[in-house]
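> Output the structure for:
(one chain, ligands or ions: 1)
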Amino acid sequence: MTGIQHPFRLRLAKSRRLVVKVGSGVLTGADQRLNRVRVASLVKGLSSLVESGIQTILVTSGAVATGAPVMGLAGRTKTIPQKQACAAIGQTLLMALYEECFSTRGHHSAQILLTQDDVRSRERYLNARNTFETLISAGVVPIVNENDSVAVSEIKFGDNDNLSAEVAALVGADLLLILSTTDGLYEKFEPGQQPIPLVEQITNSHFDYAKDHLSPTGISTGGMKSKLMSIKKANQYGIAAVLAGGQKDDIIQNVISGKNEGTLFLPCEDKLSAREYWILHTLSPKGTLSIDAGARRALTEHGRSLLPIGITGVEGNFRSGNSVRIAGPDGIEIARGLTYYSSQEVVTIKGCKTDEIESKLGYRYYDEVVHRDNLVLII
Ligand code: GLU
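As a prediction, the model looks like this:
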């Protein structure tokens, strides 16, 4: 691919810590079985990063696809327990192949299986981070996948695009490289089109481009929308991202050397703090507070806290300290925050003035339902 290079492309070679995500569609052949040649070529690219001093973490899919033939389920629709069994079988085979390929190049890999619970709990988050740091400082390549055989929907990352953004945030990467069967974001996914080389900030129109784009292999999980959501997360955390074609030879080396491969997404200038990221992306909201137009203005234009008087409706069952969505009069979510009051308490005090809280509840913890410091606007 030719074209004018954005100066940021040239900075990619200076990346200090990189998370590479590879999808099942890239790792499997037309028969939906693990393509050993592709894995070997991926490991060649990863090894070259390690050798040039870039700290490298791989997030890999492919466990289910690798285990499926053993279960006699290759190319067939699977139930969730069947997928979990395939993942349990496939994960060891996948890791054995990665380690074989790395060791022929004089490197080693290590397996880290995560569920969403591991990043929600502060203690497990810190433990995971320590393990990453120790492996990286020993020159070993951590290979991450979702712990599919135990994950159920409440503790699932959902797909490995999302997992890769969470891992990039967890390890403080400066670049997330998503290798996919699609070699970038297209305005129109039609033959003869070139990927958009640069996205400065992901907007709704990019999500519109993603709408018509379906996975070409049927084996991939995420799809373009999930890739954009994950990349947006990473960008909000100050991490640049590149979406590029994982089936191309030398793709990793080409991206890192600044070639115009795929689509480069620039990191947000005013990145979220770790706490804001945690509120917005890590915690699952337990309910929704609907607010009136005045409260929406107070939050979005004047940087204020959410008081009971602006709340018009309460949905869900939540406790003090839980994460809640905050939606405007049109139902569109405008912010996410931690509530001081439970859903039952908010039902009682909604629409009230602050000095009425005590007479309604018999006590008053705080004047605000969601304090500004615990609130993140959704842009
Ligand atoms: N964890 C799944 C696997 O290894 C893949 C999920 C995904 O690609 O999003 O098969």
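> buried ones in the lengthiest helix in the chain?
The residue-count maximum for a helix in the chain (DSSP state H) belongs to helix 80-104. For helix 80-104, burial by neighbour count (16 or more other C-beta atoms under 10 Å) applies to 82-91, 93-95, 97-99, 101-102. To be clear about C-beta, it is placed using only N, CA and C from the backbone, and glycine gets the same treatment.
> ok, G67 touching Q82?
No. The pair G67 and Q82 fails to qualify as a contact (C-beta atoms under 8 Å) at a distance of 9.5 Å.
> wait, H281 sits on K233?
Yes. In this structure, H281 is within contact of K233 by C-beta under 8 Å, at 5.5 Å.
> Where does pLDDT dip in the stretch 251-379 of the chain?
The stretch 251-379 of the chain contains residues with pLDDT under 70 at 379.
> Closest residue of it to the ligand?
For the stretch 251-379 of the chain, the nearest residue to the ligand under the criterion C-beta to the nearest ligand atom is H281, separated by 16.8 Å.
> residue boundaries of the strands in this structure?
Secondary structure of the chain (DSSP state E): strands located at 17-22, 55-60, 109-114, 141-146, 175-180, 198-199, 240-245, 263-265, 287-291, 311-316, 323-327, 333-338, 375-377.
> Between H281 and K233, which contacts overlap?
E166, A169 (C-beta atoms under 8 Å, 6 or more residues apart in numbering).
> Looking at the two, which is more packed in?
Set H281 next to K233 and count neighbours by other C-beta atoms under 10 Å: K233 wins out with 24 against 21.
> pretty sure that one is touching L170, no?
No. Counting by C-beta under 8 Å, K233 stays clear of L170, with 11.8 Å between them.
> so of the strands of the chain, which one's packed in deepest?
Between those, strand 175-180 has the highest mean count of neighbours, a mean of 28, where neighbours are mean count of other C-beta atoms under 10 Å.
> Return the angle between stretch directions for it and strand 17-22.
10 degrees (axes from the mean of the first three to the mean of the last three C-alpha atoms, to 10 degrees).
> Give me the distance from strand 175-180 to the chain's centre.
From the chain centre to the centre of strand 175-180 is a distance of 11 Å (C-alpha atoms, centre = their mean, to the nearest Å).
> so that strand versus strand 55-60, what angle?
30 degrees.
> same for the ligand: which of the buried residues of helix 80-104 are within range?
A87 (C-beta under 6 Å from any ligand atom).
> any idea how far K14 is from S137?
From S137 over to K14 the distance is 20 Å, taken as C-beta to C-beta, to the nearest Å.
> So which bits of the chain are right by the ligand?
So far as C-beta under 6 Å from any ligand atom goes, the chain lies against the ligand at 23-24, 61-65, 87, 145-146, 148, 159-160, 221-222.
> Out of these, list just those in helices.
In helices, judged by DSSP H, the following of these are found: S24, A63, V64, A65, A87, N160.
> Please name the residues that touch the fifth one.
Shown in contact with A87 (C-beta under 8 Å, 6+ apart): A63, V64, G67, D148, S149.
> how about the nearest residue to the second one, chain neighbours excluded?
This means V64. With sequence-adjacent residues excluded and distances taken as C-beta to C-beta, 6 or more residues apart in numbering, V64 is closest to C86, at 4.6 Å.
> mean confidence for the longest helix of the chain?
Averaged over helix 80-104, pLDDT sits at 95.
> do stretch 22-39 as well
pLDDT averaged over stretch 22-39 gives 89.
> how long is that stretch from one end to the other?
Length of stretch 22-39, first residue to last, C-alpha to C-alpha, to the nearest Å: 10 Å.
> Show me which positions of that stretch end up buried.
For stretch 22-39, by 16+ other C-beta under 10 Å, it's V22, G23, S24, G25, V26, L27, T28, Q32, L34, N35, R38, V39.
> Kindly provide the distance from the residue nearest the centre of the chain to L27.
Centroid-nearest residue in the chain: N162, 2.6 Å away (criterion: C-alpha atoms, centre = their mean). Separation of N162 from L27 (C-beta to C-beta) stands at 18 Å.
> residues touching L375, list them.
L375 neighbours (C-beta under 8 Å, 6+ apart): I279, L299, S305, L306, I326, A335, R336, G337, L338.
> what's around the residue lying closest to the fourth one once chain neighbours are set aside, how many residues?
It stands for L306. Nearest residue to L306 in three dimensions, chain neighbours excluded: V370, at 4.2 Å (C-beta to C-beta, 6+ apart). Per other C-beta under 10 Å, the neighbour tally for V370 reads 26.
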